[in-house]
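In: model the structure of this input:
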Amino acid sequence: MIPVEKALALVDQYTEKTKNILTVSLSEALGATLANDVISPIHMPPFRQSAMDGYALGSIEENKFNLVGEVQAGDNSDPVLQKDEAIRIFTGAPVPSTAKSVIMQEKTKVVAKQLFLDEPAKKDANIRPLAEQIKQGDLALPKGTFINAASIGYLATLGVTHVEVYKKPSIAIIATGNELIKPGQELKHGQIYESNSIMLSTALQTFGFKNTTRYKVEDDYDATLTLLKKVLQQHDVILISGGISVGDYDFVGKVLRELQVKEIFYKVKQKPGKPLYFAKKEHTTIFALPGNPASSLSCFYIYVLPALQKISGVADYHLKRNSSISNSTYSKKGVRAEFLKATLKDGKATILDGQASSMLRSFAIANVLLYIPEEISEINPGDTVQIIPINQMMH
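Out: Got it, this is the predicted structure:
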């Protein structure tokens, strides 16, 4: 058994960023990571732009103006304003180059095509200057940026239509066990519904990993060998649920050894998730996760997700850890590090009931994992603790 920090370091050491880069349309880029810097092709805004519905003024010294027309968003005219002239203008419209200020309509009154100000105008008020957000040729988004809805919207405003991104890994999820049947089938004595593969598949989708294939294999040596040979050739990452232990019908470890997979570590000094296995076969990354659902999902957040983010080119891929204040009392029963399902609210973390490795109910409520290192035996209300955010999209 190795400590948590050693396991994290080894996963990082043996995980490589992909060299495969794709050019995709902006509409297809959600959840991907930029493989190159994006340089702004234009100034944004590309003209002096009104921030308000109101009036563009030819001077800031006057209090009364003659109204001489209007400018709407999308107009490409540039009317010349004299000092005593104003023009009706709308949010997003180009401000005439001769205008000295824009005053919001709520601070004015209009009588017979004359505009009267309720208060003095201020120079350049309510005018977004040319290139206020970004100049043409400046860095819009750096390489390694995770692309979310906001970044897509931002790049679209700059006229960007395609971006270069790192190719997402192809991921195989393998569920093992004779006792597992699909939800919806009749449950017979000794059987349980298989939930880990759909749970992991959904977690992967949450973080933008959609190129996944789910497999099911019985506790049979030849079937396990055939399937693992196939997926090692076809996928970049393999997540195996169960079957890694040393029981008479746990064949995963034996098959991986026959296939000359390089074991990096097996078993971590933690609870839940002790029987975690990590290995490499050339450029394929293999995680064998515990069969218990809560253990499996814990290991996904702690080890698998940072590895997938690194493979996908995310700049800040390391396990996210924040500090919080404990709202609970907890005493460890052993010496292993523990990851406890908890809720974070108003800066305080509350440990949930139902921490057993087979239980998912508390995971359905939790929004953080509370980490207790192996050298700490208990925590009390008011103690500073480490928390790991879960069930959240990156960035």
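In: what are the boundaries of the helices in the stretch 1-150 of the chain?
Out: With DSSP state H, counting those that start in this stretch as the definition, the stretch 1-150 of the chain shows helices at residue ranges 4-13, 149-157.
In: among the ones you listed, which is nearest Lys341?
Out: helix 4-13 (16.7 Å; CB to CB). All C-beta atoms are positioned from the backbone trio N, CA, C, and that covers glycine.
In: buried stuff in that closest one?
Out: Within helix 4-13, the residues that qualify as buried are 4, 7-8, 10-11, counting by 16 or more other CB atoms under 10 Å.
In: now stretch 36-44
Out: 38, 40, 42-44.
In: for Leu297, state which of these is nearest.
Out: Once CB to CB is applied, the member of the buried residues of stretch 36-44 that ends up nearest Leu297 is Val38, at 34.5 Å.
In: circling back to that earlier point, nearest to Thr329, of the buried residues of helix 4-13?
Out: If you rank those by distance to Thr329 using CB to CB, Val4 comes first, at 22.6 Å.
In: which residues are in contact with the closest residue to that closest one other than its chain neighbours?
Out: Distances taken as CB to CB, 6 or more residues apart in numbering put Ala337 closest to Val4, at 4.8 Å, once the chain neighbours are dropped. The neighbourhood of Ala337, defined by CB atoms under 8 Å, 6 or more residues apart in numbering, consists of 3-4, 269-271, 371-374.
In: between those residues, which has the most around it?
Out: In terms of neighbour count, Gln270 stands highest of these at 25 neighbours, by other CB atoms under 10 Å.
In: pairing partners for that residue in the sheet, please.
Out: When assigned by DSSP bridges, Gln270 has beta-bridge partners Ala337.
In: so it touches Arg336, yeah?
Out: Yes: in this structure Gln270 lies within contact range of Arg336 using CB atoms under 8 Å: 5.4 Å.
In: which residues does Leu57 bridge with?
Out: Note on Leu57: beta-bridge partners Ala86, Ser101, judged by DSSP bridges.
In: do you know the pLDDT at it?
Out: The predicted local distance difference test score for Leu57 is 98.
In: now do whichever strand or helix holds Leu297: distance to the chain's middle.
Out: Assigned by DSSP states H and E, Leu297 belongs to helix 293-299. With CA atoms, centre = their mean, to the nearest Å as the basis, helix 293-299 stands 19 Å off its chain's centre.
In: who's in contact with the helix or strand just after it?
Out: Using DSSP H and E, the next helix or strand after helix 293-299 towards the C-terminus is helix 305-311. Residues from elsewhere that reach helix 305-311, judged by CB under 8 Å, 6+ apart: 8, 11-12, 15-18, 169, 171, 203-204, 207, 209, 236-237, 285, 287, 317-319, 394.
In: kindly report the same for stretch 324-336.
Out: Under the contact criterion CB under 8 Å, 6+ apart, stretch 324-336 has outside partners 269-271, 274, 338, 340, 342, 344, 347-351, 368, 370, 372, 374, 376-387.
In: hmm, back to that, of all the buried residues of stretch 36-44, which two lie farthest apart?
Out: Between any two of the buried residues of stretch 36-44, the greatest separation by CB to CB is 15.2 Å, found for Val38 and His43.
In: quick one: residues contacting the closest residue to Glu70 other than its chain neighbours.
Out: The shortest distance from Glu70 to any non-neighbouring residue, by CB to CB, 6+ apart, is to Arg88 (3.6 Å). Contact analysis of Arg88 by CB under 8 Å, 6+ apart lists 55, 67, 69-71.
In: for the closest residue to His235 other than its chain neighbours, which three-state class applies?
Out: Counting by CB to CB, 6+ apart, the nearest residue to His235 once its immediate chain neighbours are dropped is Ala172, at 4.2 Å. Reducing the assignment at Ala172 to three states with DSSP: H, G, I helix; E, B strand; the rest coil gives strand.
In: quick check, pLDDT for Ala172.
Out: Per-residue pLDDT puts Ala172 at 98.
In: burial count for it?
Out: Counted by other CB under 10 Å, the residues lying close to Ala172 total 22.
In: that one against Val237, yeah?
Out: Yes: the pair formed by Ala172 and Val237 meets the contact definition of CB under 8 Å, at 7.3 Å.
In: about what we covered before: which of the contacts of Arg88 count as buried?
Out: Among the contacts of Arg88, those classed as buried by neighbour count (16+ other CB under 10 Å) are 55, 71.
In: in the contacts of Arg88, find the pair that's most separated.
Out: Farthest apart among the contacts of Arg88 by CB to CB are Leu67 and Val71. That separation is 11.9 Å.
In: which neighbours do those two share?
Out: By the contact definition CB under 8 Å, 6+ apart, Leu67 and Val71 are jointly contacted by 87-88.
In: wait, what's in contact with the closest residue in space to Lys254 that isn't next to it in sequence?
Out: Leaving aside its sequence neighbours, Lys254 sits nearest to Tyr221 (CB to CB, 6+ apart; 7.0 Å). Going by CB under 8 Å, 6+ apart, Tyr221 touches 251, 254-255.
In: cool, Ser197 as well?
Out: By CB under 8 Å, 6+ apart, the contact list for Ser197 reads 173-175, 214-216, 241.
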